[in-house]
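Give the three-dimensional model of this entry:
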Amino acid sequence: MIASHADLLDAYAAGRHWCTRFIKTGAGQANDTKWQDWAYQAGQPSYDARIGEVAAFTPVVAVGNDAIYIPPIAAGLQRVLHKITMRPKASQVSQASIDFVLYDLVGYYPLIDGDSTDTQEMDNTQTLPRYADGAGLRLVMVNHVSPATASGRMLLEYTDENDADQTLDINVPLLGINCACSGTRTTPSADVGPLCLPIGQGVKRVNRITYSTPPGGLQCIYVIKPLAQFTHYHDALLQADTSGIKSAIEIDFTKDGFRLPIIKDGAHLSFFYRNNGSSRSTTFFGDAEFAWG
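Numbering: from 1, shown residues only. Model (predicted):
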């Protein structure tokens, strides 16, 4: 394990570290203050529409470059994320900030029918990878593949990490395709809200959903493990590049109480991001630095 600065220095001295670069191109949604999944943009990792068998849990285990690449390690060692560097480019220089959430995509329930008011049973034949106990897992609902046409309302039934069945009665905001419509806004049309559904504890499975007011389109419910969150702020005096390129931000997790995110084997690393202030980002590029011991 890497539990101290000395452990980290030993890992680097022994060559137990790796730096992975990433780049995402192509325009995201022109939606200010709305959470978006960068998986729907081209680049490396490549575009990923999160599809599969209708309403069936699809476990996700990363292979190669289908997510942010993580280095293989020997059995018995633990991999951590040491640093992230991120440099965005926005279509306008007036953008105030971008919020980022790094997450491990554990699995998802794709192609949920947004036009039906019938109860839609989720198929849980396949089980959770990496986090079998469900501890710390969260749900995010994303409008994907086919756009919603209206605001809606949904009853969602799930089983939490303590094997207790829970029910949520929540709004489904109309926020645009590839945006997180997780239903915690104060009104169905409000655009500012948290990323995840308002569950009190971890989650083992989603059992069924019922739309009382169908939003249209197709939705996908992600099961994720949030790993880190940070904000890139734009300073007009320091970042005056007229092309929209921003200064890089480096996040060093040793500087926040030495809370280095643990990256499990098979982790499918990706980002949600939220633009704040009159613009959208078209490109992200940076790198992630790992160590293990």
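
Show me the strands in the stretch 51-200 of the chain, by range?
58-59, 79-90, 97-113, 120-121, 138-143, 152-160, 165-172 (DSSP state E, counting those that start in this stretch).

Can you spell out which helices and strands pack onto the fourth one?
Strand 120-121 makes packing contacts with strand 203-213 when contacts are defined by 3 or more Cβ pairs under 8 Å, 6 or more residues apart in numbering; DSSP states H and E. (Glycine included, C-beta is placed from N, CA and C.)

So what are the sheet partners of the strand it packs on and their directions?
strand 120-121 (antiparallel), strand 152-160 (antiparallel) (DSSP bridges).

would you list those strands in a markdown table and tack on mean neighbour count?
A markdown table is the format used below for these (neighbours: other Cβ atoms under 10 Å):
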| stretch | mean neighbour count |
| --- | --- |
| strand 120-121 | 14 |
| strand 152-160 | 19 |
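
C19 is nearest to which of the ones you listed?
strand 152-160 (37.2 Å; Cβ to Cβ).

Need the mean per-residue confidence for that closest one.
Across strand 152-160, the average pLDDT comes to 95.

hmm, who's touching that strand?
Residues outside strand 152-160 that contact it (Cβ atoms under 8 Å, 6 or more residues apart in numbering): 114, 134, 139, 165-172, 174, 183, 188, 197, 199-216, 221.

and if we set it to 7 Å?
If you take Cβ atoms under 7 Å, 6 or more residues apart in numbering as the criterion, strand 152-160 is touched by 165-172, 183, 199, 201-215.

hmm, back to that, which of the strands paired with strand 203-213 sits closest to I2?
So among those, strand 152-160 is nearest, using Cβ to Cβ, at 30.7 Å.

now that closest one against strand 138-143, angle please.
150 degrees (axes from the mean of the first three to the mean of the last three Cα atoms, to 10 degrees).

Now strand 152-160 - C-alpha only, PDB.
Extracted in PDB, the C-alpha atoms of strand 152-160 (Å, rounded to 0.1, in the frame of the first residue of the first chain):
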ATOM      1  CA  GLY A 152     -40.800  14.100 -16.700                       C
ATOM      2  CA  ARG A 153     -41.300  12.300 -13.300                       C
ATOM      3  CA  MET A 154     -40.100   8.900 -12.300                       C
ATOM      4  CA  LEU A 155     -40.500   6.300  -9.500                       C
ATOM      5  CA  LEU A 156     -37.200   4.400  -9.100                       C
ATOM      6  CA  GLU A 157     -36.900   1.400  -6.900                       C
ATOM      7  CA  TYR A 158     -33.400   0.100  -5.900                       C
ATOM      8  CA  THR A 159     -31.600  -2.000  -3.300                       C
ATOM      9  CA  ASP A 160     -29.000  -0.300  -1.200                       C
END
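
where does the stretch 101-250 of the chain have low pLDDT?
Low-confidence segments of the stretch 101-250 of the chain, defined by pLDDT under 70, are located at 183-193, 234-246.

try it again with 80
Counting by pLDDT under 80, the ranges of the stretch 101-250 of the chain that qualify are 182-194, 233-248.

Which entries within the contacts of strand 152-160 meet the buried criterion?
168, 170-172, 183, 199, 202-207, 209-211, 214-215 (16 or more other Cβ atoms under 10 Å).

so can I have JSON lines of the strands of the stretch 51-200 of the chain showing distance to F22?
Listed next are the strands of the stretch 51-200 of the chain as JSON lines, based on distance: least, Cβ to Cβ, whole Å:
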{"stretch": "strand 58-59", "distance to F22": "23"}
{"stretch": "strand 79-90", "distance to F22": "9"}
{"stretch": "strand 97-113", "distance to F22": "11"}
{"stretch": "strand 120-121", "distance to F22": "34"}
{"stretch": "strand 138-143", "distance to F22": "20"}
{"stretch": "strand 152-160", "distance to F22": "31"}
{"stretch": "strand 165-172", "distance to F22": "31"}
